[in-house]
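Student: Have a look; sequence and predicted model below, questions after that.
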Amino acid sequence: MTDGLRPYPEYKDSGLPWLGRIPAHWEVRTSKRMFSQSGERARLDDEQLSATQAYGVILQSDFEERVGRKVVRIINHLEKRKHVEPDDFVISMRSFQGGLERAFARGAIRSSYVILKPGDSVHVPYFAHLFKSHDYIQALRATSEFIRDGQDLTFANFSRVPLPVVPSDEQKAIADYLDANAVKVRRFVRNRRQLIEVLNEQKQAIINRAVTRGLAPNAPLKPSGIDWLGDIPEHWQTRRLKFLVRNVNEQTSTRQPDEAYVALEHVEGWTGRINLPSENIEFDSQLKRFRPGDVLFGKLRPYLAKVTRPDVPGVCVGEFLVLRGTDEGLLPEFLEQELRSKRFIDIINSSTFGAKMPRADWTFIGNLVIAYPPTHTEQLGILEEIGRQTALLQNAIDTAKREINLIREYRTRLIAGVVTGKLAVPQVAEMAAPAQQRTKQTANIHFRRSVFAAEIIHRLHTEPTFGHVKFEKLMFLCERRCGVDTGSTYHRQAAGPYDNRALRSIDGQLKRQVWYEASKGENGWRYRPLAKAGAHRQYFDRYFVDVLPRFDEIIEIFAKAKTVQCEIVATLYSAWEDLLAHGRVPSDDQIIEQVLHHWHPDKQKIEASRWRRALEWMKARDLRPA
């Protein structure tokens with residue numbers, strides 16, 4: 001993911017502790033010379049905005065749709081709110097934790113926020129990354145020593161942190177690189193999450209069957225009399241949970257030195273692992289005391305399956321039920337496993353009350369029927385078999401989670417290194433390299449691009465629908481779907497994502513290699529094979545064999561498609577990708593609005609219903625950005 005990253009040729013001291021050494025041609029400037037403060041009051045037609053760390057500054061309605069809950073609407077003193085334009089930045093107290101927030105929508109926000117207008121030297125996407133970098137946030141935080149609790153960050157704080165002055169073309173190259181990298185990281189994380197979900201389903205299937213049917217596949221069954229429980233082994237016992245355990249509610253406001261403190265965030269869902277904090281925790285509310293072997297059941301958001309059985313004494317927050325066994329016939333460890341099984345969690349979750357903070361009620365939980373083997377020997381045997389069958393699955397889940405954490409750490413370090421000039425992205429490194437080295441680098445990426453292009457042309461040049469424009473759209477889609485960087489920079493032109501310079505370069509390379517030639521005829525531009533047509537395959541197999549399945553997928557889908565169909569899909573894909581790169585999870589309406597009103601006006605010649613149908617078609621084929 002970081003091919004081509006290396007230091008700049010020369011550096012100098014920036015004079016700023018948070019920025020350190022910077023490339024020799026960069027400068028440093030006070031932030032108020034690059035951004036101005038806006039005090040414009042809200043307009044009559046302004047919609048209300050929400051400033052979020054995850055999505056930037058967006059419409060409240062969009063935020064509610066994404067998080068699935070309502071936010072408090074302000075109905076009084078709206079005239080005191082401030083007007084925000086897209087690509088403004090908003091700063092508030094939360095900027096100490098997450099950086100300044102970029103605005104993606106026009107509207108109004110509360111008056112205590114500070115609105116920053118970018119100057120002419122500012123490329124907004126670059127500064128959106130800089131303001132989210134760890135070192136900048138720490139520098140901003142260092143200006144807060146005089147701020148009282150609850151007081152918002154001011155423009156004066158912002159002005160105390162000077163900013164790097166980076167050439168405009170470098171700002172754009174850095175932002176483009178980080179946006180493209182973000183797509184790859186999201187794809188990686190999404191794939192790992194899908195893997196975790198599949199592995200968890202397999203693991204839960206094993207646990208569910210074991211704790212409700214036992215180990216003998218042909219054991220005779222009997223009806224449990226409970227719909228959600230179904231049939232159970234004939235020799236098993238059933239009792240309501242409240243007759244097997246006592247719901248202990250021993251309140252305390254103190255903690256002994258040898259006692260652990262357990263909060264919901266310390267318990268890993270579905271495994272019961274406890275990750276206790278290393279520092280001493282202060283608390284100002286009543287807690288519950290528990291003993292070793294008690295089962296703690298998280299009643300807040302029970303779908304998270306925060307169920308554990310500590311082996312040390314301690315205290316826990318009131319959102320746990322402390323369940324202590326009263327029937328010696330049921331092992332606490334078997335009860336723990338049964339309470340954490342998906343079937344049990346699902347039935348409890350169906351009973352919760354409260355939309356924002358759903359909670360389960362002990363009255364309901366205590367009346368649930370528990371089925372269990374009559375002997376400790378059989379219970380222990382089931383637990384051992386569950387452990388044996390799920391060990392490999394849990395190891396794979398843990399590995400995938402570690403990989404997600406590592407890729408996020410890598411992303412954080414990458415942003416910090418690139419936006420502060422410690423590393424040069426490939427396009428910038430090419431600009432800064434000596435002429436001889438630059439020529440070699442450029443030739444290499446251009447040759448790889450021509451090889452990639454030649455394979456598309458080789459497969460489709462005989463198709464009646466295949467010409468210059470269709471080729472350009474398929475080049476874009478193949479690059480994006482395969483995660484291949486060819487050095488192209490696609491623009492929002494009338495015919496969709498378009499890079500005229502790259503297209504001319506490809507045509508020139510193809511002709512020099514005597515592979516294909518682009519020529520204009522009565523039906524537009526076409527490609528005709530030359531003497532060495534097909535010779536590119538040895539290079540394609542060398543460079544791009546890893547992405548061949550996705551490449552084949554695009555070629556197969558669009559081989560017979562008309563040019564306008566390819567244009568529509570490529571445009572939607574690019575608009576969708578842009579919104580994702582800026583931290584948004586867009587709806588269909590937002591993607592189409594982006595195409596019709598933020599691209600070339602010619603896009604409006606295609607009716608909205610056609611764009612919508614195409615978007616549905618893409619989703620049905622999983623043609624969506626990562």
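Tutor: Done, it's in.
Student: Would you map the helices across the stretch 201-350 of the chain?
Tutor: Residue ranges of the helices in the stretch 201-350 of the chain, as given by DSSP state H, counting those that start in this stretch, are 332-339, 342-349.
Student: Could you list the low-confidence segments of this structure?
Tutor: Residues of the chain meeting the criterion pLDDT under 70: 1-4, 67-78, 93-96, 145-152, 278-280, 282-284, 355, 427, 429-443, 582-584.
Student: center of it - which residue?
Tutor: Computing the C-alpha centroid of the chain and ranking residues by C-alpha atoms, centre = their mean puts Arg186 first, at 5.1 Å.
Student: how about the closest residue to it other than its chain neighbours, what does it touch?
Tutor: Computed as C-beta to C-beta, 6 or more residues apart in numbering, the closest residue to Arg186 that is not its neighbour in sequence is Ala626, at 5.0 Å. Just so you know, the C-beta spots here come from the backbone N, C-alpha and C atoms, and that holds for glycine as well. Counting by C-beta atoms under 8 Å, 6 or more residues apart in numbering, Ala626 touches 183-184, 186-187, 190, 580.
Student: Recalculate using a threshold of 7 Å.
Tutor: Ala626 makes contact with 183, 186-187, 190, according to C-beta atoms under 7 Å, 6 or more residues apart in numbering.
Student: do Lys80 as well
Tutor: Shown in contact with Lys80 (C-beta under 7 Å, 6+ apart): Ser111.
Student: in the stretch 351-500 of the chain, which spans are helices?
Tutor: Secondary structure of the stretch 351-500 of the chain (DSSP H, counting those that start in this stretch): helices located at 362-366, 376-419, 426-432, 435-460, 468-482, 500-512.
Student: buried residues in stretch 514-530?
Tutor: Residues of stretch 514-530 classed as buried by neighbour count (16 or more other C-beta atoms under 10 Å): 515-516, 518, 526-527.
Student: And that stretch, end to end?
Tutor: Stretch 514-530 has an end-to-end distance of 5 Å (C-alpha to C-alpha, to the nearest Å).
Student: For the stretch 501-626 of the chain, which segments count as strands?
Tutor: Counting by DSSP state E, counting those that start in this stretch, the stretch 501-626 of the chain has strands at residues 516-521, 524-529.
Student: Just put these in a markdown table and tack on distance to Arg102.
Tutor: Shown next, in a markdown table, are the strands of the stretch 501-626 of the chain (distance: least, C-beta to C-beta, whole Å):
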| stretch | distance to Arg102 |
| --- | --- |
| strand 516-521 | 40 |
| strand 524-529 | 39 |
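Student: Please work out which of the helices of the stretch 201-350 of the chain is packed deepest.
Tutor: Greatest average neighbour count among the helices of the stretch 201-350 of the chain goes to helix 332-339 (a mean of 21), per mean count of other C-beta atoms under 10 Å.
Student: Send me that one as PDB with only the CA atoms.
Tutor: Written as PDB, here are the backbone C-alpha positions of helix 332-339 (Å, rounded to 0.1, in the frame of the first residue of the first chain):
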ATOM      1  CA  PRO A 332     -21.200 -21.700  36.600                       C
ATOM      2  CA  GLU A 333     -19.000 -22.200  33.500                       C
ATOM      3  CA  PHE A 334     -21.700 -24.100  31.700                       C
ATOM      4  CA  LEU A 335     -24.200 -21.400  32.700                       C
ATOM      5  CA  GLU A 336     -21.900 -18.700  31.400                       C
ATOM      6  CA  GLN A 337     -21.500 -20.400  28.000                       C
ATOM      7  CA  GLU A 338     -25.300 -20.900  27.700                       C
ATOM      8  CA  LEU A 339     -26.100 -17.300  28.600                       C
END
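Student: From the rest of the structure, what touches that helix?
Tutor: Here helix 332-339 makes contact (C-beta under 7 Å, 6+ apart) with 207, 211, 272, 293, 295, 297, 307, 309, 325, 344, 370, 372, 379, 383, 386.
Student: what's the distance between the first one and Leu368?
Tutor: For Ile207, the distance to Leu368 (C-beta to C-beta, to the nearest Å) stands at 17 Å.
Student: Same question for Val267.
Tutor: For Val267, the distance to Leu368 - C-beta to C-beta - is 21 Å.
Student: ok, now Pro233?
Tutor: For Pro233 relative to Leu368 (C-beta to C-beta), the value is 18 Å.
Student: one step back: from the contacts of helix 332-339, list just the buried residues.
Tutor: Buried among the contacts of helix 332-339 (16+ other C-beta under 10 Å): 207, 211, 272, 295, 297, 307, 309, 325, 344, 370, 372, 379, 383, 386.
Student: Would you mind listing the residues in contact with the fifth one?
Tutor: Remark: with contacts taken as C-beta under 7 Å, 6+ apart, Phe297 is in contact with 307, 320-321, 323, 339.
Student: Adding distance to Ala614, write the residues you listed out as TSV.
Tutor: Below are those laid out as TSV (distance: C-beta to C-beta, whole Å):
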residue	distance to Ala614
Val307	46
Phe320	50
Leu321	51
Leu323	54
Leu339	48
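Student: of all those residues, which comes closest to Ala620?
Tutor: Nearest to Ala620 among the contacts of Phe297 is Val307, at 38.6 Å by C-beta to C-beta.
Student: Report the beta-bridge partners for that closest one.
Tutor: In this entry, Val307 is beta-bridged to Phe297, by DSSP bridges.
Student: got the contact list for it?
Tutor: Val307 neighbours (C-beta under 7 Å, 6+ apart): 272, 295, 297-298, 336, 339-340.
Student: And the furthest pair within the residues you listed?
Tutor: Gly298 and Glu336 (12.5 Å).
Student: Pull the number of nearby residues for His129.
Tutor: His129: 23 surrounding residues under other C-beta atoms under 10 Å.
Student: That one in helix, strand or coil?
Tutor: Assigned with DSSP: H, G, I helix; E, B strand; the rest coil, His129 falls in the helix class.
Student: Pretty sure it sits against Lys172.
Tutor: No: contact criterion C-beta atoms under 7 Å: His129 and Lys172 do not qualify, at 11.8 Å.
Student: re earlier: I'd like to know which of the helices of the stretch 201-350 of the chain is closest to Ala396.
Tutor: Comparing the helices of the stretch 201-350 of the chain against Ala396 with C-beta to C-beta, the closest turns out to be helix 342-349 (18.2 Å).
Student: Using PDB, write out the CA atom coordinates for the closest one.
Tutor: Output of helix 342-349 as PDB, limited to C-alpha atoms (Å, rounded to 0.1, in the frame of the first residue of the first chain):
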ATOM      1  CA  LYS A 342     -26.600 -16.600  20.300                       C
ATOM      2  CA  ARG A 343     -30.000 -18.200  20.800                       C
ATOM      3  CA  PHE A 344     -30.200 -16.900  24.400                       C
ATOM      4  CA  ILE A 345     -28.800 -13.500  23.500                       C
ATOM      5  CA  ASP A 346     -31.400 -13.100  20.600                       C
ATOM      6  CA  ILE A 347     -34.400 -13.900  22.800                       C
ATOM      7  CA  ILE A 348     -33.200 -11.400  25.500                       C
ATOM      8  CA  ASN A 349     -32.500  -8.700  22.900                       C
END
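Student: Packing partners of that helix?
Tutor: Secondary-structure packing of helix 342-349 (3 or more C-beta pairs under 7 Å, 6 or more residues apart in numbering; DSSP states H and E): helix 168-213.
Student: The helix it packs on versus helix 332-339: what angle between them?
Tutor: Inter-element angle recorded for helix 168-213 and helix 332-339: 120 degrees (by axes from the mean of the first three to the mean of the last three C-alpha atoms, to 10 degrees).
Student: how far does helix 168-213 sit from the chain's center?
Tutor: Offset of helix 168-213 from its chain centre (C-alpha atoms, centre = their mean, to the nearest Å): 8 Å.
Student: Please apply the same query to stretch 229-236.
Tutor: Relative to its parent chain, stretch 229-236 has a centroid offset of 43 Å by C-alpha atoms, centre = their mean.
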